Structures are given as C-alpha cells and as structure tokens.
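# Model the following, please.
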Amino acid sequence: MASVQLRHDTPGRAYYRRRLAEGKTAMEAIRALKRRLSDAVYRQMTRDIERSRTGPRGQPGATLQSSATDPNPEVNSSEQSLAGPTDHHPRTPNTNPA
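So this is what the prediction gives:
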C-alpha cells in the first residue's frame, strides 16, 4: 500500500517527502508512512465495528447469549458413532518394481 502511495501523487507521497525533508532516511520515511497507513486502516475498522453495532441498517451483530432452548441437546441416531471398524479396502499391489 505504501509503495502505491509513493508511485502516484498522493497525500502519502507528500507525507513521505516531508519526512525526508525532516532529515529521516528513506527507510525511516517509508516506515513512518506504513505506520500512518496502518493507523488509518485501524481507525476505519474500529469505526465500522461501532457503526455495525448501532447502525440504522444491517445486522446489529452477534449476541453473547444462545437462542437454543437446551444448552445440551440430546444426540440423535445420525450423530452417534458407528459400532465396529470400517471396511478395509486393500490396495492394488505394485506390479512394476522400481
């Protein structure tokens, strides 16, 4: 993301140039730009989470309480393990020794 910002005339490129003008090395300026971009992404993600909790549209999010009536439902016959081992299917022997 930072390399794209540097290739084009963007606010990120201006930020990078300001850091260079302050005496930072190129690697330090790139590191500062990456940090600035990651901070912006993080802020947007936290805003999106808050909006999804209280937003006028969409799902409000998951609840911490279960909607199941019984916390330990009984296991029906389709979920029980089968008795005995499974059938063994032998492999075809290798007829071309190496």
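
# Kindly list the longest helix within the chain.
In terms of residue count, the longest helix belonging to the chain (DSSP state H) is helix 26-54.

# which other helices and strands contact that one?
helix 2-7, helix 11-21 (3 or more Cβ pairs under 8 Å, 6 or more residues apart in numbering; DSSP states H and E). Every residue, glycine included, has its C-beta placed from N, CA and C.

# show me the contacts for the nearest residue to Gly12 once chain neighbours are set aside.
Excluding its sequence neighbours, the residue lying closest to Gly12 (Cβ to Cβ, 6 or more residues apart in numbering) is Gln5, at 2.9 Å. Contacts for Gln5 (Cβ atoms under 8 Å, 6 or more residues apart in numbering) come out as Pro11, Gly12, Arg13, Tyr16, Leu33, Leu37.

# Selection in PyMOL covering whichever of these are buried, please.
Only the buried entries of the contacts of Gln5 go into this PyMOL selection, using 16 or more other Cβ atoms under 10 Å:
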select buried, resi 12+13+16+33+37
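
# Could you check the lowest-mean-pLDDT helix or strand in the chain and say which residues are buried?
Every helix and strand in the chain was compared by mean pLDDT, DSSP states H and E; the lowest is helix 2-7, with a mean of 82. Going by neighbour count (16+ other Cβ under 10 Å), the buried part of helix 2-7 is Ala2, Gln5.

# Residues in contact with stretch 21-37: which ones?
Here stretch 21-37 makes contact (Cβ under 8 Å, 6+ apart) with Met1, Ala2, Gln5, Leu6, Gly12, Tyr15, Tyr16, Arg19, Leu20.

# what's the farthest-apart pair in those residues?
Of all pairs drawn from the contacts of stretch 21-37, the greatest distance, 18.8 Å, lies between Met1 and Leu20 (Cβ to Cβ).

# Please say which of these two ends up with more neighbours.
Set side by side, Met1 and Leu20 show more neighbours around Leu20, with 15 against 11, by other Cβ atoms under 10 Å.

# Where does pLDDT dip in this structure?
In the predicted model, the chain carries pLDDT under 70 at residues 54-90, 97-98.
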